[in-house]
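Participant: Predicted structure and sequence below. I'll ask about it afterward.
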Amino acid sequence: MASKSKPFSSTRFNSIVEDDDDFQIPLTQTATAPKPSKKLKRSKHFSSGKENIPPNFFSNQDSILVQTQGFKSMPIEDFSLDSIPASFDYGGLDGDNVACSSACVDEVKEKEKEKGSLKSQGGYLCNSIESKLIKPRADCSLDSGNGNSPNEDFEELDVLLKLCDQAEEGESVGVSGMEEGYGIVEDENGGLVQCPLCGVDISDLSDEERQVHSNECLDKVEIEAQDASIPEEDQREPQVSGQVLQWLRSLGLEKYEDAFVREEIDWDTLQWLTEEDLFSIGIAALGPRKKIVHALTQLREGTTSPGIEAQPRKRSASGVETVNDASEEPVDNSKTAANKLITDYFPGFTTARKQVCTTSGEQQRVEKRGSGSGHKGGAAKNHVTTRKLRDIPSWCCIPGTPFRVDAFKYLRRDCSHWFLTHFHMDHYQGLTKSFCHGKIYCSSITAKLVNMKIGIPWDNIKVLPLNQKINVAGIDVTCLDANHCPGSVIILFEPPNSKAVLHTGDFRFSENAASMSFLQTCSIHTLILDTTYCNPQYDFPKQEAVIQFVIDAIQAETFNPKTLFLIGSYTIGKERLYLEVARVLRKKIYINPGKLHILKCLDFPEEDMRWFTLNEQESQIHVVPMWTLASFKRLKHMSNQYARRFSLIVAFSPTGWTFGKGKKKSPGRRSQQGTIIRYEVPYSEHSSFTELKEFVKLISPADIVPSVNNHGPDSAKAMISLLSSESQA
DNA sequence: GCGATCAGCT
DNA sequence: CACAGCTGATCGC
């Protein structure tokens, strides 16, 4: 059960009570207990951030000009900051909620006033929802606007804190500290030294020999544990704890066990300890510290760590027979699933699909050389790849045209027009700089990314203008903003002798998008639809609501100046969220150089760029890759790194998946472990189910092809028919 | 040694 | 589950 004496449990969480329907307080509803870590894994943070911002420009040109639109290069440090205090001065208050002095409240109020005079900018950001976000209620966030005395406010906070604590207890973090584990053996004072695992007297052995001995025992224990019938998840946790102590003893440093227990340092955490950490947990002597650091280095460098499985084990229902299915079966399974065409589930579409894909199917067989992955100079290669070419899913094919959309995984020589809807890996996968299958058609922003990140020469890229019909190989093509990530487009194909096809790529429908009126005027036969959230359970709020939620939460937590805010993002995507946060709160956002590199390629107004900084000292809001927020373990590591500067981490993980079945319309879910708070906020860049319905109704297509089938065939089928029926109604 | 692909894992 | 993507292993050149 959750231990009350967690290392950092002294932190308090400050929040605000909101009674609005739209803005429930994000107290944990179904706090998910963190899973025990499974494996050691090294990970590098911030390998290469990136991002960008959607454009609002219509480039008529067909390509190369894009380069010239580049941002004039300006070191981000040079942006003018005069008007933006990097942080509030809290007069040395020390971290906790006590810091909510009236002074800081005033300060924030002041800023609230200021922002009223801010103006929205152009471009993607001209979609600024700032004005919508800042409602009078926002001003209440800090002082409640109700004339409450500070004390009264604190009472409210205390109520919240209690609720949070309760919620936390329910989470049951699972003490990893001391458990029975291997049945710890005391190498008691008597001078007798026993192996803690097998109990054998190892007093006569040298330190090294003892280490060797106990390592061997450790391996045995691990193997035995693998064979045990208990589910591995259950057995691993205690193991890990014992493992740390065991390891410590093997270094002859058992006198520090207490410190490790006190700090609940499990096996994974152990890997990340720095000498500084060791000092801070009470290992004051230099010698032992060095010894541990050295051992840790070896541990990290080792291919596998002792006691942790070298190969992933497969769980099986039987619990014993795991060997067989670990080898082949999963592969087969995934293959079948991967090869299964989404549209197999949609009888209505089969004919159309066959038309398109049969051609390519035959081509496949004839092809035989070249390669599925675009090896250099196709003709030169006559070595045969044994790998079977995958069938092209129907959502990649545009009936009535020779075009492919987001189909770089399925490169074929029968096509020379390859459209890319946006720069997300699952859409450009398979595209490499040796691409030699014709031209790539995409938006200007996507083009820049494709050129910069993948290295596709500009000669192979054709930039498609937005909101403007152009002719490609005799077929009318129109791109519209998809409202997904920067540079994302939905594409309308109008073949002269065939019916119109609209490919949405990934998109978030927004009824006020001007382009939608254009779509109404078209008669669209086939709609290739982003069905990511095509299920009624995904009925998440508008982005504005979520952004407001995040802003509120940040405002609430900034009582504590030692709070670090993390906002998750993808390569590109979620920019609107953190940019709005920056603008509304008038706080700079830290991004890493990789991310900036991408930003620079984009048509960002300078006014917006100045909210970003490369100097992390200058900001308490950091944009980080989404995956770094996935586990508390990682967050904890980050927290250790920042221990001096920040006492609390508040992370926002913006994703539509936050919206599971049980969860009802809450703009955010909160969970906490010690000094780390994570909000999962349903900020989605895909259409919600409701939006999908609206969109389908608007388009009224004769046929729908789902581009995602993630809820099982039946579900997808049901949803599509539901969509269709609603659209007819 | 490098690039591309794939499996595994968030 | 899987939004999107990191990492490491492997294969081919």
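Facilitator: Thanks, I have it. Residues are numbered from 1 along each chain as shown, chains lettered A, B, ... in the order given.

Participant: When you work out contacts or count neighbours from here on, use the C-alpha atoms and nothing else.
Facilitator: Noted.

Participant: Quick one, grab the pLDDT at residue A:506.
Facilitator: Looking at residue A:506, its pLDDT is 95.

Participant: tell me the SS of it?
Facilitator: coil (DSSP: H, G, I helix; E, B strand; the rest coil).

Participant: wait, doesn't it sit right on residue A:484?
Facilitator: Yes. Taking contacts as CA atoms under 8 Å, residue A:506 lies within contact range of residue A:484: 6.2 Å.

Participant: where does residue A:536 land on pLDDT?
Facilitator: So residue A:536 comes in at 84 (pLDDT).

Participant: Can you report how many residues neighbour it?
Facilitator: Counted by other CA atoms under 10 Å, the residues lying close to residue A:536 total 13.

Participant: ranges for the strands of the stretch 351-500 of chain A?
Facilitator: Along the stretch 351-500 of chain A, the segments classed as strands by DSSP state E, counting those that start in this stretch run A:404-405, A:417-419, A:439-442, A:461-463, A:470-472, A:475-481, A:489-494, A:500-503.

Participant: which helices and strands does the fourth one pack with?
Facilitator: With contacts defined as 3 or more CA pairs under 8 Å, 6 or more residues apart in numbering; DSSP states H and E, strand A:461-463 has these neighbours: strand A:439-442, helix A:444-449.

Participant: Next: the second one.
Facilitator: Packing contacts for strand A:417-419, counted by 3+ CA pairs under 8 Å, 6+ apart, involve strand A:404-405, strand A:439-442.

Participant: Ok, the shortest one next?
Facilitator: Packing contacts for strand A:404-405, counted by 3+ CA pairs under 8 Å, 6+ apart, involve strand A:417-419.

Participant: model confidence over the strand it packs on, on average?
Facilitator: The average pLDDT within strand A:417-419 is 96.

Participant: Name the surrounding residues that touch that strand.
Facilitator: Identification of contacts with strand A:417-419 by CA atoms under 8 Å, 6 or more residues apart in numbering yields A:402, A:403, A:404, A:405, A:406, A:407, A:408, A:438, A:439, A:440, A:441, A:442.

Participant: Over to stretch A:651-660?
Facilitator: Residues contacting stretch A:651-660 (CA under 8 Å, 6+ apart): A:537-540, A:550, A:565-569, A:574, A:626, A:629-630, A:665, A:669, A:676-686.

Participant: Does it reach DNA strand B?
Facilitator: No. Using CA under 7 Å from any atom of the strand, stretch A:651-660 stays clear of DNA strand B, with a minimum separation of 12.0 Å.

Participant: For that stretch, buried residues please.
Facilitator: A:651, A:652, A:653, A:654, A:655, A:656, A:657, A:658, A:659 (16 or more other CA atoms under 10 Å).

Participant: same for DNA strand C: which of the contacts of stretch A:651-660 are within range?
Facilitator: Filtering those for proximity to DNA strand C by CA under 7 Å from any atom of the strand leaves residue A:685.

Participant: For DNA strand C, what's the nearest residue on the stretch 451-600 of chain A?
Facilitator: residue A:571 (3.2 Å; CA to the nearest atom of the strand).

Participant: how close does residue A:629 sit to residue A:650?
Facilitator: Remark: distance between residue A:629 and residue A:650 (CA to CA, to the nearest Å) = 10 Å.

Participant: same thing with residue A:408?
Facilitator: Using CA to CA, residue A:408 is found at 38 Å from residue A:650.

Participant: what's the answer for residue A:508, then?
Facilitator: Using CA to CA, one obtains 27 Å as the distance from residue A:508 to residue A:650.

Participant: still on that earlier bit, TSV please, covering the helices and strands packed on strand A:461-463 and showing mean neighbour count.
Facilitator: Below are the helices and strands packed on strand A:461-463 laid out as TSV (neighbours: other CA atoms under 10 Å):
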stretch	mean neighbour count
strand A:439-442	24
helix A:444-449	27
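
Participant: In TSV, list those along with mean pLDDT and distance to residue A:691.
Facilitator: Formatted as TSV, these follow (pLDDT from 0 to 100; distance: least, CA to CA, whole Å):
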stretch	mean pLDDT	distance to residue A:691
strand A:439-442	95	25
helix A:444-449	93	25
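
Participant: right, and these - which one's nearest residue A:641?
Facilitator: Judged by CA to CA, the one of the helices and strands packed on strand A:461-463 that comes nearest to residue A:641 is helix A:444-449, at 32.0 Å.

Participant: for the closest one, packing partners?
Facilitator: Other helices and strands packing on helix A:444-449, by 3+ CA pairs under 8 Å, 6+ apart, are helix A:65-68, strand A:461-463.
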